[in-house]
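> My questions are about this predicted structure, shown below with the sequence.
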Amino acid sequence: NEVCPVEAKELLEECDNLWKELEQYQSRIMLLGIETMLQPDTMLDLLILQWKALSANYQQWHKRNPQVISANPDVVLELGIEELQKVKHDLEMALSAVWSKNKQLEEDLKREQQWYEEQKGMMNTLNRIEEETKPQAEQLTKTRGLVDLHNKVLQLKTYKRELLTALREFLEKHYPPLQNGENKYFSGDPDVELLALQDIVEMLIKQLMTTPYEPYVTIDDSFWPPYIELLLRFGIALRHPEDPNRIRLEAFHK
């Protein structure tokens, strides 16, 4: 206090103010979450580098011997003022860098918040569209499934007609209906009209498909015995295990 003039005290106060302002900006940076932007490996590397620098600085100062600059108070005062001015300049540079970084971080934060709001709005719009179109999609799926099922049924019916037509043509060609003279010769009753092989096969198919739990057909005088024997011999029809007058079509579809 005895040797420092008013100019040195003002310089010290200005340096203290700069330090305080620098600490405020550092606090604002921490509030903005800058420390979370650093990865753990990066922070560890920075701490190691800082520790090495401090250790080297400590070793350097530990080896130095204190030297008396001057015993003259005016010289000491002048050197102190010069050193304080250097510190002030360094603090001003650091403060300017922190202020610039802080401004950049605030702009980045503002952009990130704007992007977040845009993404949030887009997500809400997509969710609303999904909720609105979900019933339509379900209805479309059901309708499409019914259409596919209907098309398959039509294809099966068409295939069934083609098979029946082919079977009818084959039987009419190779096993034509019996003539009246043949009916009287092989039938016990001359008034009974014998069924054609095509009619017998269609009757067996219909009985099996309509009543699969009771597929047997009762044989009467209208069934020509050679046709029955033909169907049994080639495994097309089967007799009832307890009633020989009943036959059924072999379940080829199982």
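Cool, the structure landed.

> switch to C-alpha atoms for all contacts and neighbour counts from now on
OK.

> okay, now F223: neighbour count?
For F223, the number of neighbouring residues by other C-alpha atoms under 10 Å comes to 19.

> Please name every helix or strand in contact with the longest helix anywhere in the chain.
Secondary structure of the chain read by DSSP state H shows that its longest helix is helix 73-174. Where contact means 3 or more C-alpha pairs under 8 Å, 6 or more residues apart in numbering; DSSP states H and E, helix 73-174 is packed against helix 6-31, helix 197-210.

> lowest-confidence stretch among these?
When these are compared on mean pLDDT, helix 6-31 scores lowest, with a mean of 66.

> what's near enough to touch the nearest residue to A237 once chain neighbours are set aside?
Using C-alpha to C-alpha, 6 or more residues apart in numbering and skipping the chain neighbours, the partner closest in space to A237 is L249 (4.4 Å). Shown in contact with L249 (C-alpha atoms under 8 Å, 6 or more residues apart in numbering): 204-205, 208, 215-216, 236-238.

> Let me know the pLDDT of L249.
91.

> how near is it to P177?
Look at L249 and P177: by C-alpha to C-alpha, to the nearest Å, they are 21 Å apart.

> just P225 next, same as before
According to C-alpha to C-alpha, P225 stands 14 Å off from P177.

> can you check E214 too?
Separation of E214 from P177 (C-alpha to C-alpha) stands at 28 Å.

> More neighbours: the two, which one.
Under the criterion of other C-alpha under 10 Å, the comparison of E214 against P177 puts P177 first, with 17 against 11.

> Assign the more buried one to helix, strand or coil.
Using DSSP: H, G, I helix; E, B strand; the rest coil, the structure places P177 in coil.

> you'd agree it is up against D199?
No - assessed by C-alpha atoms under 8 Å, P177 is found out of contact with D199, at 9.6 Å.

> Need the mean per-residue confidence for stretch 152-170.
Stretch 152-170 comes out at a mean pLDDT of 86.

> any idea how far T165 is from L105?
Distance, T165 to L105, using C-alpha to C-alpha: 84 Å.

> When the two are compared, which one has more neighbours?
L105 (16 against 12).

> From V98, how far out is the more buried one?
Counting by C-alpha to C-alpha, the gap from L105 to V98 is 10 Å.

> ok, now L84?
As judged by C-alpha to C-alpha, L84 and V98 stand 21 Å apart.
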